[in-house]
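K.L.:
Need a 3D model of the following:
(one chain, ligands or ions: 3)
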Amino acid sequence: MTTFTITRPDDWHVHLRDGASLNNTVADISRYFGRAIIMPNLVPPVTNAELATQYHQRIMAANPSKQFQPLMVLYLTDQTTAEDIKAAKASGIVYAAKLYPAGATTNSSSGVTNVDNIAPVLAAMEEVNMPLLVHGEVTDHDIDIFDREAVFIDTILRPLVAKYSTLKIVLEHITTKNAVDFVKAAGANVAATITVHHLLFNRNHMLVGGIRPHYYCLPILKRNIHQHALVEAATSGSDKFFLGTDSAPHAQGAKEAACGCAGAYTAHAAIELYAEAFEQAGALDKLEGFASLHGPKFYNLPVNSDKITLVKEAWNVPATMAFGCDEVVPIRANETIAWQVK
Ligand SMILES: NC(=O)N[C@@H](CC(=O)O)C(=O)O
Ligand SMILES: [Zn+2]
Ligand SMILES: [Zn+2]
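P.N.:
Ligands and ions are numbered 1, 2, ... in the order given. This next block holds a predicted model:
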């Protein structure tokens, strides 16, 4: 197939950052996505409706394409209250709240130290039907980094899903067969996003022949049996799995460093890269469900009413791209991507 058309997709997990870099990230993400779930891990984090409203205004001031709608997210802390959730719901611009276990990832130091601390918050979310988005990794020093997602599922997520049986939960950026199996077995209130880098790459891409910091993200790339499970889930047609790029830019110098930041930039070519991954799996016909239909169904939002067309025509990805006053090295820098959006 050399061209195909799908309903306009949405990105259910993206980091746009703030300040001058918004001009770059917003331009990239709004090229063809209809909506995007905007992650709130700024410094300071987006912890209430007022901060979400201000951030929403800064995103809109960065001139997204006309069709683009940012869906804001509240960052949960040990101090978040049920009232914060109700005010966020009432704002009309906040669509979810995010659980970052404190210390699990970029800018998560204000995150939740114990889910018991947010019990009233989770009850309020269940009541107002606001989805809980989860960075699913434990932070215990004695748990191996490659096991942190699986241990989180067994020790924290499984009891949480049992306790809040009607709370909508998205296990974000899943990276293991354990996560695929857990989500498949859970009820319709539990879903997952899958990034394109976890579909295309495994830990060999990051570690064989030299350490490649631009593949370093969290949860970390796993061995290929997990990659295969993710590809199988994404291309299965199950509406429990949908597109979330987790595009997470860091300045080139912050990645290419003795202690490099976690995050991969994919917003420059997200659907184009997903098309490659689905084509490799012989499942291009499943891309529309994953990218454009399953997410709105879970979030109880309408499907976008227009379409985009992809063409199989290779193009070169630049070595770096502007990122505020810095540069970001995008995934596939200096290489080609097979598909482009017309
Ligand atoms: N995925 C990442 O490696 N990094 C994200 C945070 C996150 O989504 O965990 C970031 O904000 O940089
Ligand atoms: Zn995360
Ligand atoms: Zn993320």
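K.L.:
what residue ranges in the stretch 1-150 of the chain score low on pLDDT?
P.N.:
For the stretch 1-150 of the chain, no stretch is flagged by pLDDT under 70.
K.L.:
got the residues of it near ligand 1?
P.N.:
H15, N41, T105, T106, H135 (C-beta under 6 Å from any ligand atom). Quick note: C-beta positions are derived from backbone N, CA and C, even for glycine.
K.L.:
Of those residues, which count as buried by neighbour count?
P.N.:
Taking 16 or more other C-beta atoms under 10 Å as the criterion, what is buried in these is H15, N41, T105, T106, H135.
K.L.:
my guess is K168 meets P131, correct?
P.N.:
Yes. At 4.0 Å, K168 counts as touching P131 under the criterion of C-beta atoms under 8 Å.
K.L.:
Please tabulate the residues of the stretch 1-150 of the chain next to ligand 1 in TSV, including the columns distance to K240 and secondary structure.
P.N.:
Shown next, in TSV, are these (distance: C-beta to C-beta, whole Å; DSSP: H, G, I helix; E, B strand; the rest coil):
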residue	distance to K240	secondary structure
H15	23	coil
N41	25	coil
T105	23	coil
T106	26	coil
H135	18	coil
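K.L.:
Just name the closest of those residues to Q69, please.
P.N.:
Q69 has its nearest neighbour among those in H15, at 17.0 Å by C-beta to C-beta.
K.L.:
Now the closest one. Nearest residue, chain neighbours left out?
P.N.:
Nearest non-adjacent residue to H15, counting by C-beta to C-beta, 6 or more residues apart in numbering: A248, 4.4 Å away.
K.L.:
List the residues that contact the one you found.
P.N.:
Contact partners of A248, counting by C-beta atoms under 8 Å, 6 or more residues apart in numbering, are H15, T106, C217, A262, G263, A264, Y265.
K.L.:
repeat for G289
P.N.:
For G289, the contacting residues are G237, D239, by C-beta under 8 Å, 6+ apart.
K.L.:
quick one: it and K240, what's the gap?
P.N.:
Distance, G289 to K240, using C-beta to C-beta, to the nearest Å: 11 Å.
K.L.:
So for the contacts of A248, which is the shakiest by pLDDT?
P.N.:
Across the set of the contacts of A248, T106 stands lowest in pLDDT, at 93.
K.L.:
Tell me how many other residues crowd P330.
P.N.:
Neighbours of P330 under the rule other C-beta atoms under 10 Å: 24.
K.L.:
can you give me the strands in the stretch 201-342 of the chain?
P.N.:
241-243, 307-316, 321-323, 326-328, 336-341 (DSSP state E, counting those that start in this stretch).
K.L.:
Tell me which strands the third one pairs with, and in which orientation.
P.N.:
Which is strand 321-323. Strand 321-323 sits in its sheet next to strand 326-328 (antiparallel), going by DSSP bridges.
K.L.:
average pLDDT across the strand it pairs with?
P.N.:
98.
K.L.:
Not counting it itself, show me its contacts.
P.N.:
S21, N24, P249, H250, A251, Q252, G253, Y265, T320, M321, A322.
K.L.:
list the contacts for the spatially closest residue to L243 that is not a sequence neighbour?
P.N.:
Spatial nearest neighbour of L243, excluding adjacent residues (C-beta to C-beta, 6+ apart): A291 at 4.6 Å. Counting by C-beta under 8 Å, 6+ apart, A291 touches I6, P9, D10, F242, L243, I271, Y274.
K.L.:
same check, this time on L74
P.N.:
40, 46-49, 52, 80, 84-85, 88, 94, 96-98.
K.L.:
Which of these fall within helices?
P.N.:
Here DSSP state H is the test, and the contacts of L74 give A49, A52, D84, I85, A88 as lying in helices.
K.L.:
Which stretches in the stretch 1-150 of the chain count as helices?
P.N.:
22-29, 49-61, 82-91, 119-128, 148-152 (DSSP state H, counting those that start in this stretch).
K.L.:
Turn the contacts of strand 326-328 into a markdown table, including neighbour count and distance to ligand 2.
P.N.:
Shown next, in a markdown table, are the contacts of strand 326-328 (neighbours: other C-beta atoms under 10 Å; distance: C-beta to the ion, whole Å):
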| residue | neighbour count | distance to ligand 2 |
| --- | --- | --- |
| S21 | 19 | 19 |
| N24 | 23 | 21 |
| P249 | 30 | 14 |
| H250 | 26 | 14 |
| A251 | 18 | 19 |
| Q252 | 19 | 21 |
| G253 | 11 | 22 |
| Y265 | 27 | 15 |
| T320 | 14 | 24 |
| M321 | 19 | 22 |
| A322 | 14 | 25 |
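K.L.:
ok, back up a step: mind putting the helices of the stretch 1-150 of the chain into JSON lines with distance to L76?
P.N.:
Shown next, in JSON lines, are those (distance: least, C-beta to C-beta, whole Å):
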{"stretch": "helix 22-29", "distance to L76": "23"}
{"stretch": "helix 49-61", "distance to L76": "13"}
{"stretch": "helix 82-91", "distance to L76": "9"}
{"stretch": "helix 119-128", "distance to L76": "6"}
{"stretch": "helix 148-152", "distance to L76": "15"}
